[in-house]
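Participant: no sequence on this one, just coordinates:
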């Protein structure tokens, strides 16, 4: 019984409560918010972020960070679009090459980080600049449009009445979750993030593993870039800038620790849902685009504070200082 | 001793970059271009001070651009009405207040600096946009644009202000208790706490100072542009990180000299300047900047390793 309540309590952690609260408030304020069509809409909006954030989760589990994903997404969509328009490649082939380029960017990040020992902030930020620059150069700063609609199936398609992006995200989530929790390589990811030295001494090939994780993050950014292209039906280098920060926020708000070794992709999905619901709800309620930024900032802080209960610690401390109440140590 | 040689390495690298640009890029060595370059370099160095201070305490302030935008828009509203001094003071106060909030939440509520300053970036940018409704405020009196446009002899005013701010900050960091505590907290916050240093208060002060310096940079920018809008400083956190990293401020905290920012500023300014002079579209700038960051840090890293082996 105690275990059941403990399980329930951990399942209803801060982000989920905030998410449910938001759904309640938005449903009261806007009659169109709580509807199937809007739910599908939120899912479509969230799917791109979910894919990048899954890759980012792996990197953050290693106590790393990948700042390049937004620019790499842009590069992928621009490469794919250019190949379709200029080289007249089949859309699927073009997309595969685009994703390959993204994985290559991630691989370079991983190699520079793990074999040269640089703080991951630096190679991935440098890659951000190079990928953005490369995307601007190949598109000549223009918006590319007018390519075959084949890829749109990824975003608009339906299967058994379910939207294609939902199925894609669900499938990826299932695979990644199983990989992280039930395979030696997945568990090694937690081990490295928890204590790199110990992981190395236990025989895990830390450098190789780290390199592959960064390459994977690049790969996921590439897949997200293709989905983004399918959604917007236009490619522009700067359109996806901002996803690096959104993805990190989604991962951290979900409850994966920036210190590494704690968290997972299912938590990230909660973070993604929270951010997507917030954005959609504020739109539906008709909050000014500018004020939306303020709300997003406040909710990010709130989600983190409730998740980690640091607020309660702080309030207890404050109470102790103001009223001189006994400390927990004295109570014990 | 080791710090000196590392500083010399850095100075040498910047000298090589400058010499290469001088020889390879036409019109680089003209007086007007060099003055332009100097102004850009010191503005970048000033922008990077906030990021660097937070990096010294093993944190990072991502909100500097947004804080600069909000404080300079509010200041601009007062300055346009003729209240120049009041406007400047109000702008600086808003900046310091934003920084104070960052610092208090990070030190007292134990929020990770990333979450706090990143959320702050959204909040403050949103407030600035709500305040200006996307329009720009322009037409400042000459008493204010003096701050960005005038010259002392051949030297532009932003260089003078930037050099003064950097010099002062260097003295504060090296000669005062506050400065020593900052380095101690950055190197090892737990050890600093156990030694009885007021680490939390130091972190709050550092972030407040970061906000204050962000608003100062914002004021100089709007004085130079003669217009303020809420889009100011979108790229500042990233540019600031680049300048700080090239200038030798360590991400891990507790290491680096604030005067190094001048070198970082020069490198970044040279890259932007050469892209311009060579007639390359601005889009090449991002590519080269990314490349230069990795290269600079790599060289730094390799020279550091060699130093350790020799010891």
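Facilitator: All right, it came through fine. What you see is a predicted model; the values in this text were computed from it and never measured. Residues are numbered from 1 along each chain as shown, chains lettered A, B, ... in the order given.

Participant: Distance of the closest residue to residue B:152 other than its chain neighbours relative to residue B:123?
Facilitator: Leaving out its chain neighbours, the residue that sits closest to residue B:152 by Cβ to Cβ, 6 or more residues apart in numbering or on different chains is residue B:160, at 5.4 Å. C-beta here means a position set from N, CA and C on the backbone, and glycine is covered the same way. The span separating residue B:160 from residue B:123 equals 33 Å under the rule Cβ to Cβ, to the nearest Å.

Participant: pretty sure the residue nearest to residue B:152 is touching residue B:151, no?
Facilitator: No - counting by Cβ atoms under 8 Å, residue B:160 does not reach residue B:151; the two are 9.0 Å apart.

Participant: out of those two, which sits in the busier spot?
Facilitator: For residue B:160 versus residue B:151, neighbours defined as other Cβ atoms under 10 Å in any protein chain shown are more numerous around residue B:160 (16 against 12).

Participant: Checking that one next. Helix, strand or coil?
Facilitator: Counting by DSSP: H, G, I helix; E, B strand; the rest coil, the backbone at residue B:160 sits in helix.

Participant: so what pLDDT did it get?
Facilitator: Per-residue confidence at residue B:160 stands at 93 (pLDDT).

Participant: what about stretch A:43-51, average pLDDT?
Facilitator: pLDDT averaged over stretch A:43-51 gives 91.

Participant: Identify all contacting residues around it.
Facilitator: A:155, A:163, A:165-166, A:168-169, A:172-173, A:220, A:223-224, A:227-228, A:231, A:243, A:246-247, A:250, A:268-269, A:272-273, A:275-276, A:279-280 (Cβ atoms under 8 Å, 6 or more residues apart in numbering or on different chains).

Participant: Show me those that map onto strands.
Facilitator: Applying DSSP state E to the contacts of stretch A:43-51, the entries found in strands are residue A:163.

Participant: from the contacts of stretch A:43-51, which ones fall inside helices?
Facilitator: Within the contacts of stretch A:43-51, residues falling in helices by DSSP state H are A:155, A:165-166, A:168-169, A:172-173, A:220, A:223-224, A:227-228, A:231, A:243, A:246-247, A:250, A:268-269, A:272-273, A:275-276, A:279-280.

Participant: so how far is residue B:226 from the residue nearest to residue B:152?
Facilitator: Relative to residue B:226, residue B:160 is positioned 19 Å away (Cβ to Cβ).

Participant: now swap in residue B:109 and tell me
Facilitator: In terms of Cβ to Cβ, residue B:109 sits 40 Å off from residue B:226.

Participant: Between these two, which is the more surrounded one?
Facilitator: In this view residue B:109 and residue B:226 are compared by other Cβ under 10 Å, and residue B:109 has more residues nearby, 17 against 14.

Participant: these two touch, right, the more buried one and residue A:305?
Facilitator: Yes - between residue B:109 and residue A:305 there is a contact at 6.6 Å, judged by Cβ under 8 Å.

Participant: what about residue A:321, how many residues close to it?
Facilitator: Residue A:321: 9 neighbours (other Cβ under 10 Å).

Participant: Per-residue confidence at it, what does it come out as?
Facilitator: Note on residue A:321: pLDDT of 73.

Participant: what does the stretch 101-250 of chain A put close to chain B?
Facilitator: Within the stretch 101-250 of chain A, the positions adjacent to chain B are A:112, A:116-119, A:121-123, A:125-134, A:136-137, A:140-141, A:237, A:245, A:248-249 by Cβ under 8 Å from any Cβ of the partner chain.

Participant: Just those residues: which are in helices?
Facilitator: Using DSSP H, A:112, A:116, A:121-123, A:125-134, A:136-137, A:245, A:248-249 are the members of those that sit in helices.

Participant: Of the residues you listed, which qualify as buried by neighbour count?
Facilitator: Listed as buried from these are A:112, A:121-123, A:125-134, A:136-137, A:245, A:248-249; burial here means 16 or more other Cβ atoms under 10 Å in any protein chain shown.

Participant: tell me which element residue 79 falls in.
Facilitator: You didn't pick a chain, so chain A it is. Per DSSP states H and E: residue A:79 is located in helix A:69-86.

Participant: Actually, chain B is the one I wanted.
Facilitator: With DSSP H and E as criterion, residue B:79 is part of helix B:64-80.

Participant: elements contacting the following helix or strand past that helix?
Facilitator: Using DSSP H and E, the helix or strand that directly follows helix B:64-80 along the chain is helix B:84-108. Helix B:84-108 is packed against helix B:64-80, helix B:113-132, helix B:142-149, helix B:199-225, with contacts defined by 3 or more Cβ pairs under 8 Å, 6 or more residues apart in numbering or on different chains; DSSP states H and E.

Participant: does residue B:278 really touch residue B:28, like I thought?
Facilitator: No - Residue B:278 is not in contact with residue B:28 according to Cβ under 8 Å; the separation is 9.5 Å.

Participant: Those two: which is more packed in?
Facilitator: When residue B:278 is set against residue B:28 and neighbours are counted by other Cβ under 10 Å, the residue ahead is residue B:28, at 19 against 14.

Participant: Need the phi and psi values for that one.
Facilitator: Main-chain dihedrals, residue B:28, degrees, to the nearest 10: phi -70, psi -40.

Participant: got the contact list for it?
Facilitator: By Cβ under 8 Å, 6+ apart, the contact list for residue B:28 reads B:21-22, B:273-274, B:277.

Participant: pLDDT wise, what is it at?
Facilitator: pLDDT recorded at residue B:28 is 84.

Participant: if I look at it, how far off is residue B:295?
Facilitator: Relative to residue B:295, residue B:28 is positioned 20 Å away (criterion: Cβ to Cβ).

Participant: again with residue A:23
Facilitator: For residue A:23, the distance to residue B:295 - Cβ to Cβ - is 48 Å.

Participant: now residue B:240
Facilitator: Going from residue B:240 to residue B:295 by Cβ to Cβ gives 19 Å.

Participant: more crowded one of these two?
Facilitator: Between residue B:240 and residue B:295, counting by other Cβ under 10 Å, residue B:240 is the more crowded of the two (33 against 15).

Participant: Pretty sure residue B:48 is one of the things the more buried one touches, is it not?
Facilitator: Yes - the pair residue B:240 / residue B:48 is scored as a contact, 4.2 Å apart, by Cβ under 8 Å.

Participant: And for residue 222, the neighbour number?
Facilitator: No chain in the question, so chain A it is. 33.

Participant: Actually, chain B is the one I wanted.
Facilitator: 30.

Participant: likewise residue A:104?
Facilitator: The number of residues packed near residue A:104 is 15, by other Cβ under 10 Å.

Participant: same question, residue A:185
Facilitator: Look at residue A:185: counted by other Cβ under 10 Å, it has 12 neighbours.

Participant: in what helix or strand does it lie?
Facilitator: helix A:184-194.

Participant: just checking, residue A:300 touches residue A:250?
Facilitator: No - applying Cβ under 8 Å, one finds residue A:300 not in contact with residue A:250, separated by 9.7 Å.

Participant: Compare those two (neighbour count), which wins?
Facilitator: Neighbours were counted for residue A:300 and for residue A:250 using other Cβ under 10 Å; residue A:250 has more, 31 against 26.

Participant: hang on, isn't that one packed against residue A:277?
Facilitator: No - counting by Cβ under 8 Å, residue A:250 sits too far from residue A:277 to count as a contact (11.7 Å).

Participant: Grab the nearest non-local neighbour of residue A:206.
Facilitator: residue A:200 (4.9 Å).

Participant: can you check residue B:68 too?
Facilitator: residue B:218 (3.2 Å).

Participant: And for that neighbour, the neighbour number?
Facilitator: For residue B:218, using other Cβ under 10 Å, the count is 31.

Participant: you'd agree it is up against residue B:236?
Facilitator: No - assessed by Cβ under 8 Å, residue B:218 is found out of contact with residue B:236, at 9.1 Å.
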